[in-house]
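**Student:** could you work out the structure for the sequence below:
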Amino acid sequence: MHTFTRLCPNCSREFPSIEVVILHLNSQSTCWSHEARPQQLPVPPGLRGLPSNTTGHCHPRSGYVFGIGKNLYDRLQDDQYNYWQEINTYYPFHDEGEWELASFLIQNLNQTQIDKFLKLKWFSTRPKPSFTSKDQLLDWMDALPCLAEWKVSKLEFTGYKTVHPIQLIWRDALEVIKQLFSDPVFTNNITFQPHVVHVGNQCEYGDYMSADLAWKIQDCLPLGATQVPIILGSDKTPVTRTTGGLEMHPIFITIGNLDSEFYVHPDYQTILQARLWHKCVDLVCANLKQAAKTGCFMPDPSRFICYVYTPLVAHISQTIDVWDLNKFQKAAKAVHLSGVHMPYWRDWNYACPSVFLTGEILHTCIKFFADHPLNWIKEVVGKSELDARYINQHKRVGTCHFTKGITHVNQMTGREHRDIQRTIVASIAGVAPPNFIRAIHALVDFIYLAQNPIHSAETLSSMMQSLSDFHTFKHAVIEAQARRGKKGVKEDFFIPKLKLLQSFRGTVERLGTLMQFSADMTERLLITHCKDLFSVRILNCQESIELFNLHSLFCSHHASLVNVICTEDEAVTTVNPALSWVSRVLPDESHSVHGPQPVHNHFLKGILSGDALTAFHLTSTPDFKSLSPTDIHTIYSLIDFDHALSHMIQAYPPDSGFPLGNCDNVLVDVTGDDGQIISRITQVRLIFQPTLPRASDLVLPSYLSHSLLYIQYYDFVASPNDRPELAMWTVERSYVEDQHSKHRCGGVVPLTSVTHTVELIPEYGQKVDEKISSAICLESYDHFFLNNFADKESYHTLSMEFA
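**Tutor:** Next up is the predicted model:
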């Protein structure tokens, strides 16, 4: 029987249990003064700024602090050259400029090119850098601190010899987790405690820490422990450059505390690859599994020491599919097993494959839709007609336009599959049977609801009702003979991914929303990190450069290495937390951090909608700096502009490639005849700002002093209940007649009356008019479907009643 003791992280005294350590820290003779204790801890996202009908609380036994330690950047100061770096922050390099040159050379040139660069005659008349050769430069880079170092191990199979040696390039997963958990970059993006949030009488599910499993695991952990839930991602990819068909099977790892925004005989190959993969993960995660069993002390970004356990909560993978392999293979196949007799999770506390092998949006939903429902639609609508409908659609900013159709492309990205899915329901109206459309509509409904960033019992019920609706109407797919296989028409729905959709509700309740487990990130990392050959030295060098860059930036400006907890809205929002930290502390050095461009929040001051909940992306430079009303009448073909101007204003201009204009549609709030505010679907024809000549003494009235739009109206002619297979509003162009002609009904409104951009899909009928192109699509039809699948915001916004 093993007896575990615990050392106090402050004074290193030994105690029989973590509870006794807590008593020691809280005693009057504690080694940790009360003045040094944290005054503020991060509030979980779900508990920030709770409205009046929302309540919540954290797990009472979680997230205790056991002392003060060193965060990631403090540990960099334990480097052997720290004495010299206190004198010269960039040591062993001469100064910041030389460090920038060195990191540029390493990141952009190979070793031969670096040598050639350093031997250029250009240096004969100019000072040379301190490093005189690529070997010296690499040695200096190797000397930079790298906390979780990469290693390489050669693996062999007992009783079976591989044609090529198998190399495992790896680093200790527990050290990686310590690095993530203590990185001050994530101070404002990390959650330490399981918590529950109730809206009214319904429980709300967000990220993992707000889900049931986090609370249940915490109940089983010692007093004061902090969960650091492990999320693994894996896939395989060919190394595409200068290799002889090598494959890489990367393993990606992150923690659930962070906010959500790696030639054998063919008959045995699958078994051996699977066993090898599990053996590798076993080695990489050995210390993580020990920490899940006994816990370990670990400093957080603010230097506070936590008692950490590391349960495996999710493994995002495309496939998870005695050495007498011949007999073993037959026996495994007979019971539908993969042949892996020692899976890596076998001794990982709280790990259960029925829980951590989660369904995720990219493969389980988006890829499923492309592989199955989209093929059914091609059979029912016909490839040429389906292509014509997509070619004909109005081009929308931010959405892929399929200029050659969608049926001829053999390989598409997940983004393209999503864009097809956005318009598929309205696009097949009029040509596909109503019940067939209802089945497709129900699946798209399910996929959209599954992507909710926050769930409640009500939204989960709606999601599962959509799946139930599909099963109610799926007979229409069989009746249309749309489901086909290699042997012809199929009359079953034996589709594993379709069956997996049934588990989504339980997954959300146990682990939180599915978007935090999306495979989008692992797919992106395959492209950015796994297509080139690399060595352990290169990997360590890349890691060192990234850490040294930020560390030296703060040290050179004598800034704190602890990121403060920020609770206020920032003027700059970024998906790069390092940039967010630097922008707040050293705004003049923001250019030093490379990554996604920040988004400036211009609405902290300036134009705001009435409820301050609507934001707009506008071009900063107008098409015309100055136009008279007469010019607007001529250039934009707006007959009633003068009349509309007397009421109010807002609009969009035509384009040289669009003979009838290229104008998007928006949802606006306007005042009705009865004085009540109502929502109208409109097309923006012009955006403008009234001005006066500089020499004028006149003053514009307040309603003309802001940006305005000239719009043309649509009228609602059918509700979602009139076409249950679509469940969409139908609108038609609004016209007015005068003594001279019939023309579209327009008006002027303030920019701030816009509440949402919307997408209209023409009511094509049985067949698309071949004379109409996407350039004149919106101007050639009068009846349209208001597409509530245009984006996730539209999906929820357009469920409202407009009347």
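
**Student:** and residue 764, how many neighbours?
**Tutor:** Using other CB atoms under 10 Å, the number of residues around residue 764 comes to 24. (C-beta placed from N, C-alpha, C; glycine too.)

**Student:** for the stretch 551-700 of the chain, which segments count as strands?
**Tutor:** Assigned by DSSP state E, counting those that start in this stretch, the stretch 551-700 of the chain shows strands spanning 572-573, 599-600, 665-671, 677-688.

**Student:** same list, the ones you listed, but as JSON lines with mean neighbour count, distance to residue 147 and mean pLDDT please.
**Tutor:** Listed next are those as JSON lines, based on neighbours: other CB atoms under 10 Å; distance: least, CB to CB, whole Å; pLDDT from 0 to 100:
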{"stretch": "strand 572-573", "mean neighbour count": "14", "distance to residue 147": "29", "mean pLDDT": "46"}
{"stretch": "strand 599-600", "mean neighbour count": "12", "distance to residue 147": "31", "mean pLDDT": "46"}
{"stretch": "strand 665-671", "mean neighbour count": "20", "distance to residue 147": "51", "mean pLDDT": "88"}
{"stretch": "strand 677-688", "mean neighbour count": "21", "distance to residue 147": "52", "mean pLDDT": "87"}
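
**Student:** need these in TSV with distance to residue 65, can you?
**Tutor:** Shown next, in TSV, are the strands of the stretch 551-700 of the chain (distance: least, CB to CB, whole Å):
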stretch	distance to residue 65
strand 572-573	29
strand 599-600	34
strand 665-671	48
strand 677-688	50
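
**Student:** closest to residue 185 out of the ones you listed?
**Tutor:** strand 572-573 (15.2 Å; CB to CB).

**Student:** closest one to residue 72 among the strands of the stretch 551-700 of the chain?
**Tutor:** strand 572-573 (23.0 Å).

**Student:** low pLDDT regions in the stretch 101-250 of the chain?
**Tutor:** Along the stretch 101-250 of the chain, segments meeting pLDDT under 70 span 157-163, 237-246.

**Student:** how about the strands in it?
**Tutor:** Using DSSP E, counting those that start in this stretch, strands in the stretch 101-250 of the chain cover 151-155, 166-170, 195-199, 202-205, 225-227, 230-234, 237-238, 247-248.

**Student:** out of those, deepest packed?
**Tutor:** strand 225-227 (a mean of 26; mean count of other CB atoms under 10 Å).

**Student:** other SSEs contacting the helix ranked longest in the chain?
**Tutor:** The longest helix of the chain (DSSP state H) is helix 536-556. Packing contacts for helix 536-556, counted by 3 or more CB pairs under 8 Å, 6 or more residues apart in numbering; DSSP states H and E, involve helix 72-75, helix 96-108, helix 134-143, helix 577-585.

**Student:** want to throw those into TSV with mean neighbour count and distance to residue 733?
**Tutor:** Below are those laid out as TSV (neighbours: other CB atoms under 10 Å; distance: least, CB to CB, whole Å):
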stretch	mean neighbour count	distance to residue 733
helix 72-75	20	60
helix 96-108	16	56
helix 134-143	16	66
helix 577-585	20	46
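
**Student:** redo those helices as TSV? Include distance to residue 487.
**Tutor:** TSV is the format used below for the helices and strands packed on helix 536-556 (distance: least, CB to CB, whole Å):
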stretch	distance to residue 487
helix 72-75	58
helix 96-108	54
helix 134-143	60
helix 577-585	53
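
**Student:** which of the strands of the stretch 101-250 of the chain sits closest to residue 303?
**Tutor:** For those, the distance to residue 303 is smallest for strand 225-227, at 14.3 Å, taking CB to CB.

**Student:** chain center to the closest one: distance?
**Tutor:** Relative to the mean C-alpha coordinate of its chain, strand 225-227 is positioned 26 Å out (CA atoms, centre = their mean, to the nearest Å).

**Student:** pairing partners for it, with directions?
**Tutor:** According to DSSP bridges, strand 225-227 forms sheet pairs with strand 305-309 (parallel).

**Student:** point out where the stretch 401-550 of the chain drops to low pLDDT.
**Tutor:** 519-536.

**Student:** so where do the helices sit in it?
**Tutor:** Ranges of helices in the stretch 401-550 of the chain, per DSSP state H, counting those that start in this stretch, are 414-427, 434-450, 457-473, 475-479, 496-500, 504-511, 520-529, 536-556.

**Student:** ramachandran angles for residue 312?
**Tutor:** phi -80, psi 120 (degrees, to the nearest 10).

**Student:** sorry, wrong one. I was asking about residue 206.
**Tutor:** phi -120, psi -110.

**Student:** the chain should start at 14 in everything you say after this.
**Tutor:** Happy to do that; since the first residue is 14 now, the last one works out to residue 219.

**Student:** go ahead and confirm it touches residue 465.
**Tutor:** No. Look at residue 219 against residue 465 with CB atoms under 8 Å: they stay out of range, at 9.7 Å.

**Student:** between the two, tell me which one has more neighbours.
**Tutor:** residue 219 (24 against 21).

**Student:** how much space between the more buried one and residue 269?
**Tutor:** 11 Å (CB to CB, to the nearest Å).

**Student:** ok, back up a step: for residue 85, which of the helices of the stretch 414-563 of the chain is the nearest?
**Tutor:** Short answer: helix 549-569, nearest of those by CB to CB, at 7.5 Å.

**Student:** okay, angle between the closest one and helix 109-121 too, please.
**Tutor:** Going by axes from the mean of the first three to the mean of the last three CA atoms, to 10 degrees, helix 549-569 is angled at 150 degrees with respect to helix 109-121.

**Student:** strand 179-183 and helix 549-569, what's the angle between them?
**Tutor:** Going by the same axes, to 10 degrees, helix 549-569 makes 10 degrees with strand 179-183.

**Student:** what lies in contact with helix 549-569?
**Tutor:** With contact meaning CB atoms under 8 Å, 6 or more residues apart in numbering, helix 549-569 is reached by 85-86, 89, 98, 102-103, 109, 112, 116, 119-120, 151, 154-155, 157-165, 182, 198, 573-574, 591, 595, 598-599, 602, 605-606.

**Student:** ok, stretch 737-748 next?
**Tutor:** With contact meaning CB under 8 Å, 6+ apart, stretch 737-748 is reached by 438-439, 442, 447-448, 450-451, 454, 694, 725-733, 735-736, 755-758, 773, 776, 795-801, 811, 815.
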